[in-house]
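Participant: this one's structure only:
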């Protein structure tokens, strides 16, 4: 099997997966908008099938300012549907995010150093988005997942390490990308969902079950 | 009586799902468009009784398409069907003249109930 989505999923299946993610992102945006009381603008999700070794380059190319100084929150999820979800905060916007969430200072009163506080805030935003997106997608596909603890890479390049747990470099993965733009402050973060090769057969069936419900 | 229904969505799968539901509800003449601009053009061409409009679309988004349609046809019945379920989004589309807002994915009973409401409205008009 080559890493070509058309070779694995039909055009309608690809479209259905994107539509499912659209529903999932909309739900996550609503959750986040409640927390920060700000409208979140969604983008049309983009899907690509790629070799795991090409994921860091793909992610770097699909965030506005490249990967060099981004902060990344990543979380692995396991089950019949397994993969890695990543939230990328581009440099500059990352500081605005911290300011935005810091307005709820009382929530973070117990964190001593500014570094701990920043880490906690970005982990919290990442956790809300990843949890909302992955759990909602799993529920729509009538599946449940187990999460590993999230990890954060601060002001670091996007390295290959994030996928090692699930994928070998030559494995194929489906990667979906969207952005969340916070309208009032004009700041963005990016969401990437990497589905492991071992989930692809299950995913194809789950997408067809979703389509067949209509 | 509802005869013509227009479905505007950039997702072929979303159009497939809604069209399948509509086919189970009744015998409608269903037209489709793949973005907001194509939706406005198709609306002007076929003058549907009801339009289902997605929001997040390329070329022209659903809010702009809704505004374009309502500007020229204030009586148009436009139902927004979107995954963007934020309160602020619902307020925006309602203020631009949408008849109602439905969250994705569409559910047959809900769509059927809304169409019955629209049919009543059209009969009394």
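Facilitator: Noted; the coordinates are in hand. Worth saying up front: this structure is predicted, and the values here are computed from it rather than measured.
Participant: only C-alpha atoms for contact and neighbour calcs from this point on.
Facilitator: Will do.
Participant: so which helix or strand takes in residue A:48?
Facilitator: Using DSSP states H and E, residue A:48 falls within strand A:46-51.
Participant: what comes up buried for the next helix or strand after that strand?
Facilitator: Once the chain leaves strand A:46-51, the next helix or strand it forms, by DSSP H and E, is helix A:55-61. For helix A:55-61, a neighbour-count test (16 or more other C-alpha atoms under 10 Å in any protein chain shown) marks A:55, A:56, A:58, A:59, A:60 as buried.
Participant: would you turn the residues you listed into TSV with pLDDT and distance to chain B?
Facilitator: As requested, the buried residues of helix A:55-61 are exported to TSV (pLDDT from 0 to 100; distance: C-alpha to the nearest C-alpha, whole Å):
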residue	pLDDT	distance to chain B
A:55	87	25
A:56	85	27
A:58	86	22
A:59	85	22
A:60	83	23
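Participant: JSON lines for these, including distance to residue A:163?
Facilitator: Compiled in JSON lines, the buried residues of helix A:55-61 are given as follows (distance: C-alpha to C-alpha, whole Å):
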{"residue": "A:55", "distance to residue A:163": "9"}
{"residue": "A:56", "distance to residue A:163": "9"}
{"residue": "A:58", "distance to residue A:163": "13"}
{"residue": "A:59", "distance to residue A:163": "12"}
{"residue": "A:60", "distance to residue A:163": "15"}
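Participant: list the contacts for the residue nearest to residue B:89 when sequence neighbours are not counted?
Facilitator: Distances taken as C-alpha to C-alpha, 6 or more residues apart in numbering or on different chains place residue A:39 nearest to residue B:89, at 7.7 Å, with adjacent residues excluded. Contacts for residue A:39 were tallied using C-alpha atoms under 8 Å, 6 or more residues apart in numbering or on different chains; they are A:33, A:182, A:183, A:184, B:86, B:88, B:89.
Participant: From these, list the buried ones, please.
Facilitator: Burial by neighbour count, judged by 16+ other C-alpha under 10 Å, picks out A:33, A:182, B:86, B:88, B:89 from these.
Participant: Return the subset of those lying in helices.
Facilitator: Those of the buried ones among the contacts of residue A:39 mapping onto helices are A:33, B:88, B:89, per DSSP state H.
Participant: re the thing from before, the strand holding residue A:48 near chain B at all?
Facilitator: No - Strand A:46-51 lies out of reach of chain B by C-alpha under 8 Å from any C-alpha of the partner chain, never closer than 11.9 Å.
Participant: What ranges does chain B have for its helices?
Facilitator: Counting by DSSP H, one finds helices in chain B at the ranges B:12-25, B:36-46, B:62-72, B:87-95, B:108-124.
Participant: For chain B, what lies in contact range of chain A?
Facilitator: Going by C-alpha under 8 Å from any C-alpha, the residues of chain B near chain A are B:11-14, B:17-18, B:20-21, B:56-58, B:82-89, B:104-105.
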